[in-house]
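Visitor: generate coordinates for the sequence data below:
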Amino acid sequence: MQPDLFQPSEIEFNLPEGQQGPRLWVRRLALWRDSQTLLRDIELRRGFNIIWSPDLSANGTGATPHGSGKSTLCRFIRYCLGEQHFSNEEQRYLMQHKLPNGFVGAEIIIDGECWVVTRPIGMNLPSRAVRADRIEDTFNQLLEGTEPSTIAPAISDRFCAGYREQVPDNLKADQVWNVLLAWLTRDQECRLDDVFDWRSKRSGSGSPAQEISLETKLTVVRLAMGALSAAEVSASAQVRTLTRERDNLRQKLGHLDWFQKQRFLELCENLSFPNDRDPSEETVRKELIDRANEELAKVTGSGHSKGRTPTAELQQKRKKLQDERNRSAEQRATTRALLNSLPNEIAAARTEQGTEQARLETGVIVRCTICQVSIDEVKANGCGVSLQRCNLEEVRTRIDRAEQRVADLERQKAALPGEVSRLDEQIDRLDREISDIDEAFEKLETQFSDADNKLTRARELVREATWFDRQLNERIAVSARMETIEDQIDNLRDVMRLERERAAFAIGSLEVIFQQLVASLMPRGCSGKVRLDGNGLHTEITLDRGVGLSTAAVESFKIVAFDLAAMLLSVNGKASMPSFLIHDSPREADLDADIYANLFDFVLWLEGKVSPPPFQYIITTTTAPSQKARDHEAMRLRLSSTPSEARLFAMDF
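Guide: Numbers count the residues shown, from 1 in each chain. Got it, this is the predicted structure:
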């Protein structure tokens, strides 16, 4: 460090008894095309690890520093530590197509014990996490998945077991490590914009940190740093529950207020009640109910006949008339049929009469009606055919009967039209009488229906007035409940405030380290603060006059300082989280190069305070580290976008 520009550090390590080195660190990361073909093997170390992809000013080749694989390397480390995906869907598809049997392997040390993690890059291998010394030792079981399939549960059991059940309901206990991991390994896309901005949706990592609220993130951070008590967690949970209930009640109250306004005006109009009264007054609502009951009494007392049918007398009369009409109609049909048949019958009778008469009068040979032998021959010789004798008187009698029949038929023919007319008049009369009865029925039904409607409406008004009263009573209860909830929330917030004050010791420890880091990393005249209040956890770097730093540079670098402070808090045993940290290209363009270079020298200085170093800090950079860092064994890997062999996978995709 440059003593003329930066203040001397006061940071000291106070490791828990018996601890040597970081409790969690990644010893090795390797990329494989398949179990026979190693693409990249990266040895990492406790302490500082630098991954450098030189920018145009330093590489001397004109190759862009981007696209070399720095961020992908960071994501593979996260992937091996339990994150769901190592890239977004589009990039995964390209890698899976290029490396169908590819996988990434990592040797991860947890409390001195080596775990081997292998996770697929392609589609043909399962995820595995087992205890072993080397990645290659597990190749004979690469095709067999493990349960659990990632190392996340093992890490969670070691670091999060004491508080993971205290997180808010919207976060599962087994997701707490993944949220911490998002904090300790921020996405480059987030650009160090905010203390709690950890995962960009563009990265496609599948981390729960992409979806949870700021409040939940703050809870996890505070729990991990010991700055959140069980009492505050309980109070916070109660506040969330009460807040949801209060919001629901507010919504219901809004509906009730709208209902009160609209329904009261309708009731006033229907009951002729003055609408300038206040419906919130119980006496007004009782008057409405009384008015509705009065209307019902009027309707009920006006001869209402709900359920009655037209009188039996009318029904009986109509049935009698209908039967009489049916008989008349049947009689008319018979008479008309007879009238229509008479001309033919008369003609036949006349023909019979005329024939007999003509034969007698003109002397035409008349044959016996029995044997059809000539009468004269019968008279002369006797009838040899029939045993009966021919009777001329009978013949004349038949002629007479034919004449009489013709006369009767003629009289019938003359009389039947009058009978038909009489029956028509009778049927018309009966139809009119039946129609009058039907009209009487219809009028009665209308009267009954009107009475029923009036009664139904009156009863409905009674129900509405009574329901209106109940709803307004409920509004009073809702309003009272809201006031109670508001008081409970205020009391719980007082409890939370007191608990935050009690947590000030833990926050104070963090702030002390943060202040020391700001003093060590930033120019003289800069100071730092950490503040916890009801709106969250806040970090500040203030500048004295004469310190030439832009706001953007300060904002981004204070995130680096905050993360380092949390890591050092864990080193000293004051935080339940790994002393592990990854920063992917943390330099902002307007951050002074000397300040950025000082970060590397400072971390090397931290590393040298204790052997072995009690943390693992991995940083990727395009800006050249200080010369001291470049010459140090902390320089783990140098990448470049060209040629393809210099990229992370040593190939093109």
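
Visitor: please make it C-alpha for all contacts and neighbour counts, starting now.
Guide: Fine.

Visitor: in this protein, which strand has the most residues?
Guide: Counting residues, the longest strand found in the chain (DSSP state E) is strand 24-34.

Visitor: what comes up buried for it?
Guide: 24-34 (16 or more other CA atoms under 10 Å).

Visitor: mean confidence for that strand?
Guide: In this model, strand 24-34 has an average pLDDT of 97.

Visitor: repeat that for stretch 114-121.
Guide: Average pLDDT, stretch 114-121: 98.

Visitor: what of stretch 128-138?
Guide: What stretch 128-138 shows for mean pLDDT is 97.

Visitor: same check, this time on stretch 333-348
Guide: 81.

Visitor: which parts of it are buried?
Guide: Buried residues in stretch 333-348 (16+ other CA under 10 Å): 335, 339, 342, 345-346.

Visitor: mind listing what Ala329 touches?
Guide: 423, 427 (CA atoms under 8 Å, 6 or more residues apart in numbering).

Visitor: that one: helix or strand, and which one exactly?
Guide: Per DSSP states H and E: Ala329 is located in helix 312-362.

Visitor: and Thr216, by the same measure?
Guide: helix 214-224.

Visitor: identify all contacting residues around that helix.
Guide: Residues from elsewhere that reach helix 214-224 (CA under 8 Å, 6+ apart): 160, 163, 167-168, 171, 176, 179-180, 196, 209, 228-229, 536-537, 575-577.

Visitor: do stretch 70-85 as well
Guide: 26, 29, 51-53, 86-87, 104-106, 117-119, 150-152, 178, 181, 185, 188, 204-207, 582, 584, 620, 639, 648.

Visitor: any buried residues in that stretch, and which?
Guide: The neighbour-count check on stretch 70-85 (16+ other CA under 10 Å) flags 70-85 as buried.

Visitor: same question for stretch 639-653.
Guide: Buried-residue list, stretch 639-653, by 16+ other CA under 10 Å: 639-642, 646-650.

Visitor: and of those, the nearest to Glu12?
Guide: Leu639 (34.1 Å; CA to CA).

Visitor: distance of the closest residue to that closest one other than its chain neighbours relative to Ser640?
Guide: Spatially, and ignoring its direct neighbours in sequence, Leu639 is nearest to Ser53 (4.8 Å; CA to CA, 6 or more residues apart in numbering). Using CA to CA, to the nearest Å, Ser53 is found at 5 Å from Ser640.

Visitor: and stretch 601-612, what's buried?
Guide: For stretch 601-612, using 16+ other CA under 10 Å, the buried residues are 601-604, 606-607, 610.

Visitor: element containing Ile109, please.
Guide: Using DSSP H and E, Ile109 sits in strand 103-110.

Visitor: give the pairing partners of that strand; include direction for each.
Guide: Here the strand partners of strand 103-110, with direction, are listed using DSSP bridges: strand 24-34 (antiparallel), strand 113-120 (antiparallel).

Visitor: those strands: which one's closest to Thr484?
Guide: For Thr484, the closest of the strands paired with strand 103-110 is strand 24-34, at 48.4 Å, according to CA to CA.

Visitor: need the residues that contact the closest one.
Guide: 38-46, 77, 99, 101-111, 578-580, 615-616, 649.

Visitor: just checking, what packs against the host helix or strand of Arg500?
Guide: Assigned by DSSP H and E, Arg500 belongs to helix 392-502. If you count contacts as 3 or more CA pairs under 8 Å, 6 or more residues apart in numbering; DSSP states H and E, helix 392-502 packs onto helix 230-271, helix 282-300, helix 312-362, strand 526-533.

Visitor: rerun that using 6 Å as the cut-off
Guide: Contact here means 3 or more CA pairs under 6 Å, 6 or more residues apart in numbering; DSSP states H and E; on that basis helix 392-502 packs against helix 230-271, helix 282-300, helix 312-362.

Visitor: that helix - what's its average pLDDT?
Guide: For helix 392-502, the mean per-residue pLDDT is 80.

Visitor: now the element after that helix, going C-ward?
Guide: Counting by DSSP H and E, the next helix or strand C-terminal to helix 392-502 is helix 504-521.

Visitor: that following helix versus helix 214-224: what angle between them?
Guide: Interaxial angle, helix 504-521 versus helix 214-224 (axes from the mean of the first three to the mean of the last three CA atoms, to 10 degrees): 90 degrees.

Visitor: tell me which residues of helix 504-521 come out buried.
Guide: 504, 506-521.

Visitor: repeat for stretch 314-326
Guide: By neighbour count on 16+ other CA under 10 Å, the buried set for stretch 314-326 is 318, 321-322, 325.

Visitor: now swap in stretch 465-484 and tell me
Guide: 465-466, 468-469, 471-472, 475, 478-479, 482.

Visitor: what's that stretch in contact with?
Guide: 285, 289 (CA atoms under 6 Å, 6 or more residues apart in numbering).

Visitor: thought Asp55 was touching Thr622?
Guide: Yes: with contact defined as CA atoms under 6 Å, Asp55 reaches Thr622; the gap is 5.2 Å.

Visitor: more neighbours: which of these two?
Guide: For Asp55 versus Thr622, neighbours defined as other CA atoms under 10 Å are more numerous around Thr622 (24 against 19).

Visitor: can you pull the contacts of the more buried one?
Guide: Applying CA under 6 Å, 6+ apart, the residues contacting Thr622 are 52-55, 65.

Visitor: dump the buried residues of stretch 639-653 to JSON lines, plus pLDDT, distance to Ile489 and secondary structure.
Guide: Putting these into JSON lines (pLDDT from 0 to 100; distance: CA to CA, whole Å; DSSP: H, G, I helix; E, B strand; the rest coil) gives the following:
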{"residue": "Leu639", "pLDDT": "93", "distance to Ile489": "55", "secondary structure": "coil"}
{"residue": "Ser640", "pLDDT": "90", "distance to Ile489": "56", "secondary structure": "coil"}
{"residue": "Ser641", "pLDDT": "86", "distance to Ile489": "56", "secondary structure": "coil"}
{"residue": "Thr642", "pLDDT": "86", "distance to Ile489": "60", "secondary structure": "coil"}
{"residue": "Ala646", "pLDDT": "90", "distance to Ile489": "59", "secondary structure": "helix"}
{"residue": "Arg647", "pLDDT": "93", "distance to Ile489": "56", "secondary structure": "coil"}
{"residue": "Leu648", "pLDDT": "94", "distance to Ile489": "54", "secondary structure": "coil"}
{"residue": "Phe649", "pLDDT": "93", "distance to Ile489": "55", "secondary structure": "coil"}
{"residue": "Ala650", "pLDDT": "90", "distance to Ile489": "59", "secondary structure": "coil"}
